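K.L.:
After the sequence you'll find the predicted model.
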Amino acid sequence: MTAENLKIGARGWRHPQWVGSYYPDDLPEEWQLTYYANDFRVVLIPVEYWESSTGYELDEWLEAVGDDFRFYLECPSFENDEEMQRFHDQCVEMGDLLGGIISAEDDNVDRLDLKCPVIRSPSFKTDDRCIGILNKALDDLRVVRVWLEEFDRSCETRQKIAFVTDANGNDVHIEAILKIRTLSEMMGL
């Protein structure tokens, strides 16, 4: 295994408590994604980011990252065909930077006819990748180590991506994410 086999990322990059502890105090908010993308290669875009995104904002996201960066999207519940079409159009605009869509079993994302993988909960596996949501005991690195080992074993030869969030979907302190990434590197994942 190489260090590139497991990619660690966060659920979102807009976290007010990261200002001063990760983002420099004087970093403009619109530069936060670029700053984040210099340290990480993946991000899970929460539904609330995606639903509020304008086409202009999406263009800024795409320009803020390199070609090796990937966005994963939490799939929203579609109220109507217009919302589904808007989501579809935004996904198409993302092109190769769209790594996949994280979807609940009961939604109708299959009707979107997209070329990116749809990773369904609770398994979060496709033929070539395995997604994990690490969301508990983030302060106890022994528990995190066990989770990482089990995740690694369960994914076999697939590309592994772990997103760090808390059990309630709240913001996670950047220090926890950085420690988890360092631990995974020390483990050779």
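P.N.:
Received, thanks.
K.L.:
could you point out which element follows the helix or strand of the chain with the lowest mean pLDDT?
P.N.:
Sorting the helices and strands of the chain by mean pLDDT, DSSP states H and E puts helix 47-52 at the bottom, at a mean of 74. On the C-terminal side of helix 47-52, the closest following helix or strand by DSSP states H and E is helix 55-64.
K.L.:
For that next one, buried residues please.
P.N.:
Neighbour counts over helix 55-64 (16 or more other Cβ atoms under 10 Å) mark 58, 61-62, 64 as buried. Yep, even glycine has a C-beta here, placed from its N, CA and C like the rest.
K.L.:
Next: stretch 39-50.
P.N.:
For stretch 39-50, by 16+ other Cβ under 10 Å, it's 40-46, 49-50.
K.L.:
Can you pull up the most central residue in this structure?
P.N.:
What sits nearest the mean C-alpha location of the chain, by Cα atoms, centre = their mean, is residue 44, with 2.1 Å.
K.L.:
Make sure that one is indeed in a strand.
P.N.:
Yes. Residue 44 sits within a strand when classified using DSSP: H, G, I helix; E, B strand; the rest coil.
K.L.:
For it, list the residues it contacts.
P.N.:
Residue 44 makes contacts with 9-12, 72-74, 102, 163, 165, as judged by Cβ atoms under 8 Å, 6 or more residues apart in numbering.
K.L.:
which residues of this protein fall in strands?
P.N.:
Counting by DSSP state E, the chain has strands at residues 6-11, 42-45, 70-74, 98-103, 118-120, 129-134, 159-164.
K.L.:
lowest-confidence stretch among those strands?
P.N.:
Within the strands of the chain, confidence is poorest for strand 118-120, with a mean of 78 (mean pLDDT).
K.L.:
In it, which residues are buried?
P.N.:
Using 16+ other Cβ under 10 Å as the test for burial, strand 118-120 gives 119-120.
K.L.:
Okay, now the sheet partners of it, with direction.
P.N.:
Its sheet considered, strand 118-120 pairs with strand 98-103 (parallel) by DSSP bridges.
K.L.:
how about the strands of the chain in a markdown table, adding distance to residue 26?
P.N.:
Output for these, formatted as a markdown table (distance: least, Cβ to Cβ, whole Å):
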| stretch | distance to residue 26 |
| --- | --- |
| strand 6-11 | 22 |
| strand 42-45 | 23 |
| strand 70-74 | 26 |
| strand 98-103 | 31 |
| strand 118-120 | 37 |
| strand 129-134 | 31 |
| strand 159-164 | 26 |
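K.L.:
Nearest to residue 184 among those strands would be which one?
P.N.:
strand 6-11 (5.3 Å; Cβ to Cβ).
K.L.:
Quick one: list the elements packing against that closest one.
P.N.:
strand 42-45, strand 159-164, helix 174-186 (3 or more Cβ pairs under 8 Å, 6 or more residues apart in numbering; DSSP states H and E).
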